[in-house]
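A.B. asks: Below are the sequence and a predicted model; questions follow.
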Amino acid sequence: MDSQSVRAAADIPRSTSCGDGGKKVAGRKRHLVVDCLGLVLAVVVTAASVQDRDAGMPLLERLRTLYFSIHLVWADGGYAGRLVDWAAEKCGLTLQIVKSS
């Protein structure tokens, strides 16, 4: 599970595209869950200003709805914090934060 910020076109409304302070990108952010082969399992698109852990909740809910047999999700460090406990309690998922070396 990871996210990627992308620039929005000039005609995109400001209500759906904001700046990502960390990456200095004005636009949108796509949050993805992929399998071990890189095939997309679930996607949530938000304004770039939305924190990863806040967008992680609807993303994991969608993943659970579509794929009931998944139990372990590896996630980027941006998803650390209260989302780990929430995923275990509400979705029955083990959210393991992977630290980059």
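C.D. replies: Here it is on my side, so go on. Numbers count the residues shown, from 1 in each chain.

A.B. asks: most centrally placed residue in this protein?
C.D. replies: Among the residues of the chain, H31 comes closest to the average C-alpha position under Cα atoms, centre = their mean, at 3.5 Å.

A.B. asks: The helix or strand bottoming out on mean pLDDT in the chain: what's the following helix or strand?
C.D. replies: In the chain, no helix or strand scores lower on mean pLDDT, DSSP states H and E than strand 18-20, which sits at a mean of 50. In the C-terminal direction, the helix or strand that comes right after strand 18-20 (DSSP states H and E) is strand 25-34.

A.B. asks: Which is the succeeding secondary structure element to that following strand?
C.D. replies: strand 40-47.

A.B. asks: Identify the bridge partners of I97.
C.D. replies: Residues in a beta bridge with I97, per DSSP bridges, are A75.

A.B. asks: Can you pull out the residues in contact with the longest helix along the chain?
C.D. replies: Using DSSP state H, we find that the single longest helix of the chain is helix 52-66. Outside helix 52-66, the residues within contact range by Cβ atoms under 8 Å, 6 or more residues apart in numbering are 1, 3, 29, 31, 33, 41-44, 46, 70, 73, 75-76, 78-83, 86-87, 90-93, 95. Placement of C-beta: from N, CA and C, glycine included.

A.B. asks: Which members of those residues are classed as buried?
C.D. replies: For the contacts of helix 52-66, burial is judged from neighbour counts taken by 16 or more other Cβ atoms under 10 Å, and it is met by 1, 3, 29, 31, 33, 41-42, 44, 46, 70, 73, 75-76, 78-79, 83, 86-87, 91, 93, 95.
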